[in-house]
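*Asks:* sequence plus the predicted model coming up.
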Amino acid sequence: MIKFFTKRSLPTLIRNKKSRFGIASCLIALICCSALLVSLFPFQPLEVQAASSEALTDRIYGNTLYDTAVEISKKGWDQAPVAVLATGGNFPDALTGSVLAHKVNGPLLLTESDHLNAAVSAELKRLGTQRVYLLGGTVALSSSVEKALQDQGIVTTRLAGQDQYGTAAAIASVATPTSNQAFIVNGEHFPDALSISSYAAAQGIPILLTRSDSLPADTAAALAQMGVQQVTLIGGNAVISAAVEDQLGKLPQPVKVTARFAGYDQYETNTIVLNQLPFDSSQVYVATGINFPDALAGAALAAKTNSPILLFPSTQLAAYTATYLDQKRASGTAFTILGGWGVINYKMESILRTGAAQPRISLQYTQGGLSGAKGMLSQLQSIPSPATDYADIIAPSWYYLDDTANGNVTGGWDATSGDYTQFTSAVHARNLKVLPVIQSSWDSPKTADSVLASAAARANLENQIISRIQSTNSDGIVIDFELMSGSTGPNLTQFMKELYAKLHPANKLLIEAVMARTGSESWLTEFNYASLAQYLDYLDIMTYDYSHSTPGPIAPLDWMNKVLQYTAGQGVDMRKVLLGIPYYGVDWWTTSSSSGSSASYQRKSGGMAELSALAQGPVQRDSSQIPYFHYTDSSGTHTVYYDDAQSWNAKLSLLNQYGLGGIGAWSLSWSLNPASSNAIFPLLKQYLR
């Protein structure tokens, strides 16, 4: 594939002995690559665009729900003499705890019912916590939890009733001893309480629980004790019936229902609450509406700035949630997601960030050094602002399998390791994600075969990948192993299965770049699309470099169609498939051997602007709408194929035709010339956003 010509440093390329296309083509590509590297384009001084010009999103998460609550605590508090602790296993006792947490200016942490979570214990020490309120009885938080806190020198106060209604009343008696108003929610339906929790906490308004058809005695007593005269009901008649409203009006101290916020489901109710109440919406916290822990812990943080909690579904957005998001994006709202990709996946995050009803991912590869006219920082800068209109993931070519074939990883920038984190920081500043690329060895084509066949080598490789991700603060990895035997297919799938099992709980993305197949080839059988797709976030099919030994289009449309038809026929979820888009073309020319008995083709890759400038006569188009032309110079007769706006548009139309998950574009180094970037980026925005 054309990619290997520029993915490694020049000295390394010179050492290459083998490739799929032979030594001669590699050396010629090297010469051409060298020529391209000295071509200079006009650049502005490198300045990463201000983050304020981007659609801002952030994510607070840990490996478990308990870890996420701890990370939320770290985000909001440097110290907290008092904290609130609830069980993460069941919601009723904890539902109203955010009001108390705000009252004591401490976090709401979660633990298992039968023991104190080690991460929670460590967080309480970090905060210097001296008192902890335990929400619920010993079924919710056992006596062993209480003892572990006391052994840590922490004073404990348990707030509990006979059931969740009594516990909510006990919490309210401490958090809001007196109040003219209250919110009432269904005690068996957590989303409505989560919708109101941050606002109630910020305003110091108690939240009490009711059954759907009757007002519990503990709730009635709490209303009287606090002096509540008016309440707002959260939820429709199905969750809080008219009978409850009637009972409130007939209490010895009658309570008036002044409002009811209700929608078709928990998500519409949530958006009604968020639209009706005076939140500060410059920042919105986003949590899953399927479970309670992340929103519950996050409500205490959101209350510090009177920010709302937006409940998010796991798949498609309803119109009312989409409308709310559109309004907030337009006003410059920053979104913070609570929880990892296991609860709000990357596709839903893309919807949140971009508003696309069917989110598509833009994976943009970079190559070369860090700085300079064609360095990766310049490639990053070439993306217009806001970058999130055109890209989601930047994939720098950083790592390779070591030729020792023991699973070790080597990197082209290891001598200046700070370059990795500098680049990652620059990408994150533009609100994009970084997924480094790791490739198989080009010096020893059998390296991948050997590594993947060994369980020990695979484990070493997996651990090294995770270590590299952590040390560079990256968001995942792109696996690009190309030089393998067909018999390695099962081992490749096993490797991806093992790596996915390690990365996914850590909320890291896993993408694999695979060679394009139509099913007619007798090679490439190592890439079992259907098997691999089970253990990936995205399958990036590199539908380019079709013509590599004789003149022809790099990515003809009919061939790309055949690849996608084959992929769909294998049962692959096409929403996981990224379509390979080439930003480069090729100039072929004919030379004769020294004996004059045969001819061979030489090739030089280039971007649209550089190649189109070589035309000396008319430019024609093939059946794929790809432009091509011929010219002659001292080196021989040339044939040039490249892509432009018309042919890229034809390729991108395949996204709609096959319902694809997005694109994987090779590479930004070819888009640096303004003539190229002005053709590419508007199309990306049109098709991806």
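*Replies:* Perfect, thanks for sending it.
*Asks:* excluding chain neighbours, what is closest to Thr543?
*Replies:* In this structure, Thr543 finds its nearest non-sequential neighbour in Gly580, 4.1 Å apart by C-beta to C-beta, 6 or more residues apart in numbering. All C-beta atoms are positioned from the backbone trio N, CA, C, and that covers glycine.
*Asks:* the one you found bridge partners, please.
*Replies:* Beta bridges link Gly580 to Gly664, judged by DSSP bridges.
*Asks:* first-to-last residue distance for stretch 522-541?
*Replies:* When the termini of stretch 522-541 are compared using C-alpha to C-alpha, to the nearest Å, they are 18 Å apart.
*Asks:* quick check: mean pLDDT of it?
*Replies:* Throughout stretch 522-541, pLDDT has a mean value of 95.
*Asks:* in it, what counts as buried?
*Replies:* Using 16 or more other C-beta atoms under 10 Å as the test for burial, stretch 522-541 gives 524, 526-529, 531-533, 535-541.
*Asks:* show me the contacts for the residue nearest to Thr543.
*Replies:* Residues near Gly580 by C-beta atoms under 8 Å, 6 or more residues apart in numbering: 516, 540-544, 555, 663-666.
*Asks:* now His504
*Replies:* Going by C-beta under 8 Å, 6+ apart, His504 touches 341-342, 510.
*Asks:* could you point out which residue ranges in the stretch 301-450 of the chain have low pLDDT?
*Replies:* 357-358 (pLDDT under 70).
*Asks:* if we can go back for a sec, from the contacts of Gly580, pick the one nearest Tyr133.
*Replies:* Asp540 (49.5 Å; C-beta to C-beta).
*Asks:* so the closest one touches Met515, yeah?
*Replies:* No - Asp540 lies out of contact with Met515 (C-beta atoms under 8 Å); the separation is 10.6 Å.
*Asks:* circling back to that earlier point, among the contacts of Gly580, which lie within strands?
*Replies:* Secondary structure assignment by DSSP state E places 540-542, 663-666 of those in strands.
*Asks:* need those in TSV (columns: distance to Thr269).
*Replies:* Formatted as TSV, the ones in strands among the contacts of Gly580 follow (distance: C-beta to C-beta, whole Å):
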residue	distance to Thr269
Asp540	40
Ile541	42
Met542	46
Ile663	37
Gly664	40
Ala665	41
Trp666	46
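*Asks:* out of those, flag the one nearest to Met226.
*Replies:* Ile663 (57.6 Å).
*Asks:* got a list of what that closest one touches?
*Replies:* Contact analysis of Ile663 by C-beta under 8 Å, 6+ apart lists 360-363, 578-581, 652, 655, 684, 688.
*Asks:* confidence score at it?
*Replies:* So, for Ile663, pLDDT stands at 98.
*Asks:* go on, the one 3 residues further on?
*Replies:* For Trp666, the model assigns a pLDDT of 97.
*Asks:* use 748 as the first number for this chain going forward.
*Replies:* Noted, 748 is the first residue going forward, which turns the last one into Trp1413.
*Asks:* hmm, it is touching Tyr1331, no?
*Replies:* Yes - at 7.3 Å, Trp1413 counts as touching Tyr1331 under the criterion of C-beta under 8 Å.
*Asks:* out of these two, which sits in the more crowded spot?
*Replies:* A count of neighbours by other C-beta atoms under 10 Å puts Trp1413 above the other of Trp1413 and Tyr1331, at 29 against 26.
*Asks:* how near is the more buried one to Tyr1293?
*Replies:* Using C-beta to C-beta, to the nearest Å, one gets 13 Å for the distance from Trp1413 to Tyr1293.
*Asks:* please apply the same query to Ser1371.
*Replies:* Taken as C-beta to C-beta, the span from Ser1371 to Tyr1293 is 10 Å.
*Asks:* between these two, which has more neighbouring residues?
*Replies:* Neighbours were tallied for Ser1371 and for Tyr1293 using other C-beta under 10 Å; the higher tally belongs to Ser1371 (20 against 17).
*Asks:* look up how far Gln1349 lies from that one.
*Replies:* 23 Å.
*Asks:* go on, Ser890?
*Replies:* Note on Ser890: its distance to Gln1349, by C-beta to C-beta, is 80 Å.
*Asks:* who has more neighbours, those two?
*Replies:* Gln1349 (19 against 10).
*Asks:* phi and psi next, for that one.
*Replies:* Per-residue torsions, Gln1349: phi -100, psi 160 (degrees, to the nearest 10).
*Asks:* C-alpha coordinates for the host helix or strand of Ile1224, PDB please?
*Replies:* If you go by DSSP states H and E, Ile1224 is part of strand 1223-1227. This file holds the C-alpha atoms of strand 1223-1227, laid out as PDB (Å, rounded to 0.1, in the frame of the first residue of the first chain):
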ATOM      1  CA  GLY A1223      -7.000   4.800  22.000                       C
ATOM      2  CA  ILE A1224      -5.100   3.100  19.200                       C
ATOM      3  CA  VAL A1225      -5.300   2.300  15.500                       C
ATOM      4  CA  ILE A1226      -3.900  -1.200  14.600                       C
ATOM      5  CA  ASP A1227      -2.400  -1.300  11.100                       C
END
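*Asks:* and the angle for whatever helix or strand comes next after it with strand 1223-1227?
*Replies:* Going down the chain from strand 1223-1227, the next helix or strand is helix 1236-1250, by DSSP H and E. Angle, helix 1236-1250 to strand 1223-1227, by axes from the mean of the first three to the mean of the last three C-alpha atoms, to 10 degrees: 170 degrees.
*Asks:* packing partners for helix 1236-1250?
*Replies:* When contacts are defined as 3 or more C-beta pairs under 8 Å, 6 or more residues apart in numbering; DSSP states H and E, helix 1236-1250 packs onto helix 1194-1200, helix 1202-1219, strand 1223-1227, strand 1256-1262, helix 1276-1280.
*Asks:* same thing but 7 Å
*Replies:* helix 1194-1200, helix 1202-1219, strand 1256-1262, helix 1276-1280 (3 or more C-beta pairs under 7 Å, 6 or more residues apart in numbering; DSSP states H and E).
*Asks:* quick one: the shortest one to chain centroid distance?
*Replies:* Meaning helix 1276-1280. 21 Å (C-alpha atoms, centre = their mean, to the nearest Å).
*Asks:* which strands and helices sit next to that helix?
*Replies:* By 3+ C-beta pairs under 7 Å, 6+ apart, helix 1276-1280 packs against helix 1236-1250, strand 1256-1262, strand 1285-1289.
*Asks:* got the angle for the shortest one vs strand 1409-1413?
*Replies:* What that stands for is strand 1285-1289. Orientation of strand 1285-1289 against strand 1409-1413 (the same axes, to 10 degrees) gives an angle of 50 degrees.
*Asks:* how about the strands in the stretch 898-1047 of the chain?
*Replies:* 902-906, 928-933, 954-957, 977-981, 1003-1008, 1030-1035 (DSSP state E, counting those that start in this stretch).
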